[in-house]
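# coords please:
(one chain, ligands or ions: 1)
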Amino acid sequence: MFELERITAGYDRRHPVVRDVSLSLAPGESVGLLGPSGCGKSTLARVAALLHRPDAGLVRIDGRPAGGWRHRAPREQRTAIGVVFQQPRLAADPRLTLHDLIAEPLRATGRRDEVPGRVARLAAEVGLGGELLARRPHAVSDGQLQRACLARALVLRPRWLVCDEMTAMLDASTTAALVAVVEAYRGEEGAGLLAVGHDRVLLERWCDRTADWDEIAGAPAPTETAAPGA
Ligand SMILES: Nc1ncnc2c1ncn2[C@@H]1O[C@H](COP(=O)(O)OP(=O)(O)OP(=O)(O)O)[C@@H](O)[C@H]1O
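Got it, this is the predicted structure:
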(Lines give C-alpha, C1' and ligand atoms only; values in the text may rest on other atoms or scores of the structure.)
Protein backbone atom coordinates (compact mmCIF):
# COMPACT_ATOMS: atom_id res chain seq x y z
CA MET A 1 0.00 0.00 0.00
CA PHE A 2 0.97 3.63 -0.50
CA GLU A 3 -0.66 5.71 2.19
CA LEU A 4 -0.86 9.44 2.80
CA GLU A 5 -2.36 9.90 6.24
CA ARG A 6 -3.67 13.26 7.40
CA ILE A 7 -0.97 15.24 5.59
CA THR A 8 -0.63 18.92 6.37
CA ALA A 9 2.09 20.68 4.38
CA GLY A 10 3.11 23.96 2.81
CA TYR A 11 5.70 26.68 2.84
CA ASP A 12 4.72 28.52 5.99
CA ARG A 13 3.55 26.53 9.02
CA ARG A 14 0.97 29.16 9.87
CA HIS A 15 -0.70 28.87 6.46
CA PRO A 16 -0.44 25.31 5.15
CA VAL A 17 -1.61 24.80 1.56
CA VAL A 18 -2.32 21.09 2.11
CA ARG A 19 -4.54 20.56 5.11
CA ASP A 20 -5.32 17.18 6.63
CA VAL A 21 -5.30 15.21 3.35
CA SER A 22 -5.57 11.41 3.30
CA LEU A 23 -5.30 9.13 0.29
CA SER A 24 -4.33 5.47 -0.16
CA LEU A 25 -3.33 3.41 -3.17
CA ALA A 26 -3.43 -0.38 -3.29
CA PRO A 27 -0.54 -2.18 -5.00
CA GLY A 28 -0.96 -1.86 -8.75
CA GLU A 29 -3.83 0.60 -8.43
CA SER A 30 -3.97 3.85 -10.39
CA VAL A 31 -5.59 6.88 -8.82
CA GLY A 32 -6.16 10.22 -10.54
CA LEU A 33 -6.13 13.18 -8.16
CA LEU A 34 -8.17 16.10 -9.47
CA GLY A 35 -8.29 19.62 -8.13
CA PRO A 36 -8.32 23.25 -9.23
CA SER A 37 -5.14 25.19 -9.91
CA GLY A 38 -3.33 26.24 -6.76
CA CYS A 39 -5.18 23.92 -4.36
CA GLY A 40 -1.97 22.13 -3.34
CA LYS A 41 -1.81 19.08 -5.64
CA SER A 42 1.84 19.54 -6.57
CA THR A 43 2.77 20.13 -2.95
CA LEU A 44 1.06 16.86 -2.01
CA ALA A 45 2.76 15.08 -4.93
CA ARG A 46 6.14 16.29 -3.64
CA VAL A 47 5.29 15.00 -0.16
CA ALA A 48 4.29 11.65 -1.69
CA ALA A 49 7.61 11.51 -3.57
CA LEU A 50 9.46 12.18 -0.28
CA LEU A 51 10.72 15.51 -1.65
CA HIS A 52 8.88 17.82 0.76
CA ARG A 53 8.60 17.25 4.49
CA PRO A 54 5.02 17.67 5.70
CA ASP A 55 4.25 19.70 8.82
CA ALA A 56 2.05 16.87 10.08
CA GLY A 57 0.85 13.44 9.00
CA LEU A 58 2.44 10.27 7.78
CA VAL A 59 3.54 8.80 4.45
CA ARG A 60 3.62 5.01 4.61
CA ILE A 61 5.20 3.03 1.79
CA ASP A 62 4.54 -0.71 1.69
CA GLY A 63 3.71 -0.64 5.39
CA ARG A 64 6.73 1.40 6.54
CA PRO A 65 6.58 5.07 7.52
CA ALA A 66 8.82 7.36 5.46
CA GLY A 67 12.22 7.43 7.13
CA GLY A 68 13.22 10.91 5.91
CA TRP A 69 12.82 13.48 3.19
CA ARG A 70 14.86 14.43 0.11
CA HIS A 71 18.42 13.09 0.36
CA ARG A 72 17.75 11.88 3.91
CA ALA A 73 15.05 9.46 2.75
CA PRO A 74 16.31 5.88 2.96
CA ARG A 75 17.49 4.70 -0.44
CA GLU A 76 15.08 1.75 -0.62
CA GLN A 77 12.15 4.10 -0.06
CA ARG A 78 13.44 6.77 -2.45
CA THR A 79 13.99 4.24 -5.20
CA ALA A 80 10.57 2.64 -4.66
CA ILE A 81 8.99 5.83 -6.04
CA GLY A 82 9.40 7.22 -9.55
CA VAL A 83 8.31 10.79 -10.12
CA VAL A 84 7.59 12.88 -13.22
CA PHE A 85 6.84 16.58 -12.99
CA GLN A 86 4.94 18.98 -15.21
CA GLN A 87 7.90 21.01 -16.43
CA PRO A 88 10.75 18.85 -17.69
CA ARG A 89 13.10 21.86 -18.00
CA LEU A 90 12.97 22.43 -14.27
CA ALA A 91 13.45 18.73 -13.57
CA ALA A 92 16.34 17.98 -15.94
CA ASP A 93 20.01 18.86 -15.42
CA PRO A 94 20.82 20.97 -18.52
CA ARG A 95 24.41 19.68 -18.57
CA LEU A 96 23.47 16.05 -19.14
CA THR A 97 22.69 14.39 -22.45
CA LEU A 98 19.33 12.65 -22.54
CA HIS A 99 21.19 9.34 -22.32
CA ASP A 100 22.96 10.39 -19.13
CA LEU A 101 19.78 11.91 -17.73
CA ILE A 102 18.04 8.54 -18.04
CA ALA A 103 21.10 6.66 -16.73
CA GLU A 104 21.76 8.93 -13.75
CA PRO A 105 19.65 7.05 -11.13
CA LEU A 106 21.39 3.78 -12.07
CA ARG A 107 24.82 5.40 -11.70
CA ALA A 108 23.85 7.07 -8.43
CA THR A 109 22.81 3.72 -6.97
CA GLY A 110 25.89 1.78 -8.11
CA ARG A 111 24.18 -0.10 -10.94
CA ARG A 112 26.38 1.08 -13.82
CA ASP A 113 26.43 -2.34 -15.43
CA GLU A 114 22.70 -2.05 -16.12
CA VAL A 115 23.07 1.30 -17.95
CA PRO A 116 23.50 0.15 -21.57
CA GLY A 117 20.66 -2.37 -21.59
CA ARG A 118 18.20 -0.47 -19.48
CA VAL A 119 18.70 2.94 -21.19
CA ALA A 120 18.43 1.44 -24.68
CA ARG A 121 15.24 -0.38 -23.81
CA LEU A 122 13.55 2.57 -22.10
CA ALA A 123 14.63 5.01 -24.84
CA ALA A 124 12.96 2.75 -27.40
CA GLU A 125 9.83 2.45 -25.25
CA VAL A 126 9.43 6.20 -24.82
CA GLY A 127 10.20 6.81 -28.51
CA LEU A 128 13.60 8.51 -28.34
CA GLY A 129 15.74 7.57 -31.35
CA GLY A 130 19.50 7.05 -31.01
CA GLU A 131 20.63 10.48 -32.16
CA LEU A 132 18.33 12.31 -29.75
CA LEU A 133 19.94 10.56 -26.79
CA ALA A 134 23.22 12.38 -27.50
CA ARG A 135 21.59 15.82 -27.27
CA ARG A 136 21.28 18.02 -24.22
CA PRO A 137 17.95 19.47 -23.01
CA HIS A 138 18.36 22.82 -24.82
CA ALA A 139 18.45 20.98 -28.16
CA VAL A 140 15.24 18.98 -27.79
CA SER A 141 11.53 19.83 -27.55
CA ASP A 142 9.55 19.81 -24.31
CA GLY A 143 7.85 16.61 -25.41
CA GLN A 144 11.16 14.88 -26.15
CA LEU A 145 12.58 16.02 -22.81
CA GLN A 146 9.49 14.80 -20.98
CA ARG A 147 9.93 11.40 -22.67
CA ALA A 148 13.45 11.28 -21.23
CA CYS A 149 12.17 12.34 -17.78
CA LEU A 150 9.62 9.52 -17.86
CA ALA A 151 12.31 7.02 -18.85
CA ARG A 152 14.44 8.27 -15.95
CA ALA A 153 11.51 7.82 -13.55
CA LEU A 154 11.13 4.20 -14.66
CA VAL A 155 14.80 3.25 -14.84
CA LEU A 156 15.03 1.82 -11.30
CA ARG A 157 11.74 -0.10 -11.72
CA PRO A 158 9.81 1.74 -8.99
CA ARG A 159 6.81 0.07 -7.37
CA TRP A 160 5.03 3.43 -7.17
CA LEU A 161 4.79 6.24 -9.70
CA VAL A 162 3.84 9.85 -9.04
CA CYS A 163 3.00 11.79 -12.21
CA ASP A 164 2.36 15.44 -11.43
CA GLU A 165 0.64 16.99 -14.46
CA MET A 166 3.02 14.93 -16.59
CA THR A 167 1.25 15.75 -19.84
CA ALA A 168 -0.04 19.27 -19.14
CA MET A 169 2.41 20.89 -21.58
CA LEU A 170 2.11 18.27 -24.31
CA ASP A 171 -0.01 17.74 -27.42
CA ALA A 172 -2.59 14.98 -27.68
CA SER A 173 -0.41 12.46 -29.48
CA THR A 174 2.54 12.86 -27.07
CA THR A 175 0.12 12.65 -24.15
CA ALA A 176 -1.30 9.39 -25.51
CA ALA A 177 2.20 8.02 -26.10
CA LEU A 178 3.42 8.79 -22.57
CA VAL A 179 0.26 7.43 -20.93
CA ALA A 180 0.73 4.24 -22.99
CA VAL A 181 4.33 3.92 -21.75
CA VAL A 182 3.21 4.29 -18.13
CA GLU A 183 0.46 1.72 -18.61
CA ALA A 184 2.79 -0.76 -20.34
CA TYR A 185 5.24 -0.38 -17.45
CA ARG A 186 2.50 -0.88 -14.87
CA GLY A 187 1.26 -3.93 -16.72
CA GLU A 188 4.74 -5.42 -16.61
CA GLU A 189 5.80 -4.46 -13.09
CA GLY A 190 2.46 -4.14 -11.28
CA ALA A 191 3.31 -0.63 -10.10
CA GLY A 192 0.78 1.70 -8.49
CA LEU A 193 0.22 5.19 -9.90
CA LEU A 194 -0.79 8.54 -8.44
CA ALA A 195 -1.56 10.81 -11.40
CA VAL A 196 -2.16 14.41 -10.39
CA GLY A 197 -3.91 16.84 -12.70
CA HIS A 198 -6.92 18.91 -13.57
CA ASP A 199 -7.93 17.17 -16.80
CA ARG A 200 -10.89 15.09 -15.64
CA VAL A 201 -11.46 13.46 -19.03
CA LEU A 202 -7.85 12.27 -19.22
CA LEU A 203 -7.62 11.04 -15.62
CA GLU A 204 -10.99 9.26 -15.72
CA ARG A 205 -9.93 7.47 -18.89
CA TRP A 206 -6.44 6.70 -17.60
CA CYS A 207 -6.96 5.67 -13.98
CA ASP A 208 -8.85 2.96 -12.07
CA ARG A 209 -10.50 5.68 -10.00
CA THR A 210 -10.30 9.40 -9.41
CA ALA A 211 -10.38 11.39 -6.19
CA ASP A 212 -11.41 15.03 -5.96
CA TRP A 213 -9.36 17.33 -3.76
CA ASP A 214 -12.47 18.34 -1.81
CA GLU A 215 -13.12 14.69 -0.88
CA ILE A 216 -9.66 14.01 0.51
CA ALA A 217 -8.84 17.36 2.15
CA GLY A 218 -9.89 18.48 5.60
CA ALA A 219 -12.05 21.51 6.18
CA PRO A 220 -10.38 24.85 5.41
CA ALA A 221 -9.16 26.83 8.38
CA PRO A 222 -11.29 29.73 9.56
CA THR A 223 -10.20 32.95 7.92
CA GLU A 224 -7.75 34.98 9.91
CA THR A 225 -9.99 37.97 10.08
CA ALA A 226 -12.92 36.07 11.58
CA ALA A 227 -13.46 37.02 15.19
CA PRO A 228 -13.39 34.14 17.69
CA GLY A 229 -16.83 32.60 17.87
CA ALA A 230 -17.98 34.53 14.79
N1 LIG B 1 7.94 27.07 -3.11
C2 LIG B 1 6.82 27.70 -2.72
N3 LIG B 1 6.87 28.68 -1.80
C4 LIG B 1 5.74 29.31 -1.39
N5 LIG B 1 4.50 29.02 -1.85
C6 LIG B 1 4.41 28.04 -2.76
C7 LIG B 1 5.54 27.33 -3.24
N8 LIG B 1 5.11 26.41 -4.14
C9 LIG B 1 3.78 26.55 -4.21
N10 LIG B 1 3.34 27.52 -3.40
C11 LIG B 1 1.94 27.95 -3.18
O12 LIG B 1 1.22 26.86 -2.64
C13 LIG B 1 -0.09 26.79 -3.20
C14 LIG B 1 -0.32 25.42 -3.81
O15 LIG B 1 0.59 25.23 -4.90
P16 LIG B 1 0.67 23.86 -5.70
O17 LIG B 1 1.68 24.04 -6.78
O18 LIG B 1 0.83 22.75 -4.75
O19 LIG B 1 -0.81 23.79 -6.33
P20 LIG B 1 -1.40 22.93 -7.52
O21 LIG B 1 -2.73 22.46 -7.08
O22 LIG B 1 -0.43 21.90 -7.94
O23 LIG B 1 -1.56 24.00 -8.67
P24 LIG B 1 -1.44 23.87 -10.29
O25 LIG B 1 -2.55 22.94 -10.71
O26 LIG B 1 -1.64 25.29 -10.74
O27 LIG B 1 -0.06 23.32 -10.57
C28 LIG B 1 -0.20 27.93 -4.21
O29 LIG B 1 -0.87 29.00 -3.58
C30 LIG B 1 1.25 28.30 -4.49
O31 LIG B 1 1.37 29.66 -4.78
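# so, in contact with the ligand or not, the helix-or-strand element of the chain with minimal mean pLDDT?
Here the helix or strand of the chain ranked lowest by mean pLDDT, DSSP states H and E is helix 88-91, holding a mean of 87. No - legend: contact between helix 88-91 and the ligand by CB under 6 Å from any ligand atom is lacking; minimum distance shown is 11.8 Å. The way it works is simple: take the backbone N, C-alpha and C, and place the C-beta from them, glycine included.
# in that helix, which residues are buried?
By 16 or more other CB atoms under 10 Å, the buried positions in helix 88-91 come out as P88, A91.
# could you point out which element follows it?
Downstream of helix 88-91, the next assigned helix or strand under DSSP states H and E is helix 98-108.
# quickly find the element holding the spatially most central residue of the chain.
The structure's the chain has its C-alpha centroid closest to V162; by CA atoms, centre = their mean the separation is 2.6 Å. Per DSSP H and E, V162 falls inside strand 160-164.
# likewise for A124?
Judged by DSSP H and E, A124 forms part of helix 115-126.
# give me the contact list for the strand holding V162.
2, 25, 41-42, 45-46, 48-49, 61, 80-86, 153-154, 182, 185-186, 191-197 (CB atoms under 8 Å, 6 or more residues apart in numbering).
# report how many residues lie close to A134.
When neighbours are defined as other CB atoms under 10 Å, A134 has 11 of them.
# er, R209 I mean
Counted with other CB under 10 Å, R209 comes out at 11.
# how near is A48 to the ligand?
12 Å (CB to the nearest ligand atom, to the nearest Å).
# if I look at the nearest residue to that residue once chain neighbours are set aside, what pLDDT would I see?
In space, and not counting its chain neighbours, A48 is closest to V162: 5.2 Å by CB to CB, 6 or more residues apart in numbering. V162 carries a pLDDT value of 97.
# what bridges to V162?
Legend: beta-bridge partners of V162 under DSSP bridges are V83, L194.
# in the strand holding V162, what's buried?
W160, L161, V162, C163, D164.
# of all those residues, which comes closest to the ligand?
D164 (7.2 Å; CB to the nearest ligand atom).
# element containing the closest residue to that closest one other than its chain neighbours?
Of all residues not flanking D164 in the chain, A45 sits nearest, at 4.1 Å (CB to CB, 6+ apart). Using DSSP H and E, A45 falls within helix 41-48.
# what residues does this protein have near the ligand?
Y11, V17, G35, S37, G38, C39, G40, K41, S42, T43, H198.
# filter the residues you listed down to the buried ones.
V17, G35, C39, G40, K41, S42, T43, H198.
# look up phi and psi at the second one.
What that stands for is G35. Main-chain torsions, G35, degrees, to the nearest 10: phi -170, psi 160.
# who are the packing partners of the longest helix seen in the chain?
The residue-count maximum for a helix in the chain (DSSP state H) belongs to helix 172-189. If you count contacts as 3 or more CB pairs under 8 Å, 6 or more residues apart in numbering; DSSP states H and E, helix 172-189 packs onto helix 115-126, helix 142-154, strand 160-164, strand 192-197, helix 200-206.
# cutoff 10 Å now
Applying 3 or more CB pairs under 10 Å, 6 or more residues apart in numbering; DSSP states H and E, we find helix 172-189 packed against strand 30-34, strand 81-84, helix 115-126, helix 142-154, strand 160-164, strand 192-197, helix 200-206.
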